[in-house]
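1. could you look at this predicted model? Sequence included:
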Amino acid sequence: MRGALLVALSLVLACGAEEAPPSPTPEPSVSEPTTTPTSAPTSAPTSAPTSASTSSPPSAAQREDPLEALEAPVGADEVVEARASALRHPTLAPGACEEVAEAPVRALASAGAMSIEAAEGRFFIAGYERTSEGERVSLASLVPGEAARLVASIPIEAAARGRAAAPALALLGSAGDEAGELGLAYVDGAGEVRLALVDPARPAPREVPLALSGADVRFTPALARIGPTRVLVATISPSSAGGPTRLEMVRLDGSGAVLERRELNVGLGGAHPLFAAGREGRPELFFIDPRTALSVIHRVSFDAEGAPSEVRVARPVNLAAEPPSFAVTTAGGEALLAYAAVGNLATRAVGVLGLEGTDAPDPLVRGLGYGSPLVVRARSRGPDALFVMEAPSAAEPDAPHEVRVRTVRVEAGARVLGEPLVFPGEQRPALAIDRSGVVAIALEGGLVRFVRCGEPR
């Protein structure tokens, strides 16, 4: 791997700089974890630029390059092309990944972005589908080497406009019976968040009333089982033009009865909620307060009964893309954060950094092109982490995206990035890993690809 992949990123945007940027500056430390940093701007989220042009000359601060290491395309010596191999190599180098099936499997006929979860030797995949009869949310079961099986298909009364995100999918069954019940949270055309509890062994899903409206269809709801409760969090659209999005949380008992509902981030903006493994083995909730320059990742812990703590600052991040996308996972015991960023000359990029600390990001995707926003997802493999993300294939705004699969491990405090496995022309990936180490990547269009990656030494 070329040394450029480990070049750190500084913190301030470069828009058309003509001079060499100064050395990177570390991000500010989080000295007070219970409050939003005073340096965070208070303006509402704005769209990231889609071209290198700017209406005014860049300031001196802007000429400092936040993603200097991300401006060039991935070189030929850094890419392992996706190929069907049927495990052609008995072993793989640490961090190297390859596709192991002869062809991708179609899990759903016509899905957009999908969510995927692993449970006891099989995978569950959920997505929105458009048909001649309208829109529906569908759930399929997939065992590697077999054809997918449709588990449930729920009609949606009116198709949602501007939908970009997948429905939420979570394993909600009791311990030792992870696939006994699944939760499927989705947003209908009127912005109502709906929850269906699905037992794959039974013929029909059970709908749970939430009375949660105004959801922003750009973001997937977050759904998890925490102790005896089920917790659902959704991004709610601004109440006024130009206002911030906010988060609403609903806690339910095992029967689906509502225990509590509340606005989670009073006084803050909030979007893109997700659950990730936290302390004491319980999931933690993470979300972003997206701002024009310095955004803040927040976290919420839960007690053994599923009751939430106060919102705390996890990490400020600079130049998060709009709409934001980020992922939280662990590698070798270190918490990692990856996020879609505005790169050199306002390009799209993805950086990875420690969730706790003040270190600068390393480039998972260096800034190359423009066009539509990028999506990033992650899962832990214990000693290392696996990231899957979109990347521009060329600089032109209309250039097709590709999906890259990449490992990250931590050695002597430094992050070591594996070689990217590239799927040309794909977008909006999701990722799951079963207990045997099989990696399944769900892609927009209803396809699933199976991958394996070399274990760290």
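-> Structure's in. What do you need? Numbers count the residues shown, from 1 in each chain.
2. after whichever strand or helix holds M249, next one along is what?
-> According to DSSP states H and E, M249 maps onto strand 246-252. Remark: after strand 246-252, the chain's next helix or strand is strand 258-263, criterion DSSP H and E.
3. so what pLDDT did the nearest residue to E284 once chain neighbours are set aside get?
-> The shortest distance from E284 to any non-neighbouring residue, by CB to CB, 6 or more residues apart in numbering, is to G278 (3.1 Å). The C-beta positions use only the backbone N, C-alpha and C, and glycine is treated the same way. pLDDT, G278: 75.
4. neighbours of the residue lying closest to A101 once chain neighbours are set aside, how many?
-> Leaving aside its chain neighbours, A101 sits nearest to F450 (4.6 Å; criterion: CB to CB, 6+ apart). Using other CB atoms under 10 Å, F450 has 18 neighbouring residues.
5. give the helix, strand or coil label for F450.
-> strand (DSSP: H, G, I helix; E, B strand; the rest coil).
6. what pairs with it across the strands?
-> Beta-bridge partners for F450, by DSSP bridges, are A440.
7. now for R161, how many residues are close by?
-> 7.
8. isn't there a strand covering it?
-> No - under three-state DSSP, R161 falls outside any strand and is assigned coil.
9. doesn't C453 make contact with L92?
-> Yes - between L92 and C453 there is a contact under CB atoms under 8 Å: 6.7 Å.
10. centre-most residue in this structure?
-> Centroid-nearest residue in the chain, with CA atoms, centre = their mean: R377, separated by 3.7 Å.
11. got the phi/psi numbers for that residue?
-> Per-residue torsions, R377: phi -140, psi 160 (degrees, to the nearest 10).
12. try E426
-> Dihedral angles (degrees, to the nearest 10) for E426: phi -90, psi 160.
13. neighbours of it, how many?
-> E426 has 22 nearby residues by other CB under 10 Å.
14. quick check, pLDDT for it.
-> 94.
15. which residues in the stretch 201-350 of the chain form strands?
-> 206-212, 222-226, 229-236, 246-252, 258-263, 271-277, 283-289, 294-300, 312-318, 326-331, 334-342, 348-354 (DSSP state E, counting those that start in this stretch).
16. run the chain-centre distance for the last one.
-> To tie it back to what came earlier, the one meant is strand 348-354. Computed by CA atoms, centre = their mean, to the nearest Å, the chain-centroid distance of strand 348-354 equals 12 Å.
17. name the strands paired with it and say parallel or antiparallel.
-> Going by DSSP bridges, the partners of strand 348-354 are strand 334-342 (antiparallel), strand 362-365 (antiparallel).
18. can I get these in a markdown table with mean pLDDT?
-> As requested, those are arranged in a markdown table below (pLDDT from 0 to 100):
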| stretch | mean pLDDT |
| --- | --- |
| strand 334-342 | 93 |
| strand 362-365 | 93 |
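19. quick revisit: list residues touching both of L92 and C453?
-> Residues touching both L92 and C453 (CB atoms under 8 Å, 6 or more residues apart in numbering): E98.
20. was I right about V317 contacting A293?
-> No - checked against CB under 8 Å, the pair V317 and A293 is beyond contact range at 10.2 Å.
21. which one's more surrounded, the two?
-> Shown here are V317 and A293; by other CB under 10 Å, V317 has more neighbours (23 against 18).
22. so who does the more buried one touch?
-> With CB under 8 Å, 6+ apart, V317 has these contacts: 27, 288, 294-297, 326, 337, 339, 341, 353.
23. low-confidence ranges in this protein?
-> 1-90, 174-179, 203, 279-280 (pLDDT under 70).
24. so what would you say the end-to-end distance of stretch 435-455 is?
-> 14 Å (CA to CA, to the nearest Å).
25. going by neighbour count, list what's buried in that stretch.
-> 438-455 (16 or more other CB atoms under 10 Å).
26. then stretch 154-167?
-> 154, 156, 160, 163-167.
27. can you put these in a markdown table and add distance to R106?
-> Converted to a markdown table, the buried residues of stretch 154-167 look like this (distance: CB to CB, whole Å):
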| residue | distance to R106 |
| --- | --- |
| I154 | 20 |
| I156 | 21 |
| A160 | 23 |
| R163 | 21 |
| A164 | 21 |
| A165 | 21 |
| A166 | 16 |
| P167 | 18 |
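28. most widely separated two among these?
-> Using CB to CB, these reach their maximum pairwise distance at I154 and A164, which is 19.6 Å.
29. ok, S138 - contacts?
-> 108, 111, 126-129, 150, 152-154.
30. okay, and the beta partners of it?
-> Bridge pairing for S138 - DSSP bridges - gives G127, S153.
31. what's the span of stretch 219-235, first residue to last?
-> 7 Å.
32. how much distance is there from that stretch to the middle of the chain?
-> 15 Å.
33. now do the buried residues in it.
-> In stretch 219-235, counting by 16+ other CB under 10 Å, buried: 219-226, 229-235.
34. wait, which of those is closest to G371?
-> Nearest member of the buried residues of stretch 219-235 to G371, counting by CB to CB, is F219, at 19.7 Å.
35. can you pull the phi and psi angles for the closest one?
-> phi -130, psi 140.
36. look up how far V438 lies from it.
-> F219 sits 28 Å away from V438, taking CB to CB, to the nearest Å as the criterion.
37. what about L184, neighbour count?
-> Neighbour number of L184 under other CB under 10 Å is 25.
38. ignore what I typed, I meant R136.
-> Neighbours around R136, by other CB under 10 Å: 19.
39. does it touch A126 like I think?
-> No - the pair R136 / A126 is not scored as a contact, 11.1 Å apart, by CB under 8 Å.
40. before we move on, the earlier item: if I look at the residue nearest to A101, how far off is E98?
-> 10 Å.
41. endpoint to endpoint, stretch 235-253 covers what distance?
-> 21 Å.
42. can you pull the buried residues of that stretch?
-> 235-236, 244-252.
43. quick check: the two most widely separated of those?
-> So, those by CB to CB: farthest apart are P244 and L252, at 26.4 Å.
44. circling back to that earlier point, out of the contacts of V317, grab the one that's most surrounded.
-> A341 (32 neighbours).
45. surely it touches S325?
-> No - contact between A341 and S325 fails when scored by CB under 8 Å: they sit 9.8 Å apart.
46. in a markdown table, list the contacts of S138 along with distance to D434.
-> Compiled in a markdown table, the contacts of S138 are given as follows (distance: CB to CB, whole Å):
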| residue | distance to D434 |
| --- | --- |
| L108 | 19 |
| A111 | 21 |
| A126 | 17 |
| G127 | 19 |
| Y128 | 24 |
| E129 | 25 |
| L150 | 20 |
| A152 | 21 |
| S153 | 24 |
| I154 | 25 |
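47. could you turn the buried ones of those residues into a PyMOL selection?
-> To isolate in PyMOL the members of the contacts of S138 that are buried, counting by 16+ other CB under 10 Å, one can use:
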select buried, resi 108+111+126+127+128+129+152+154
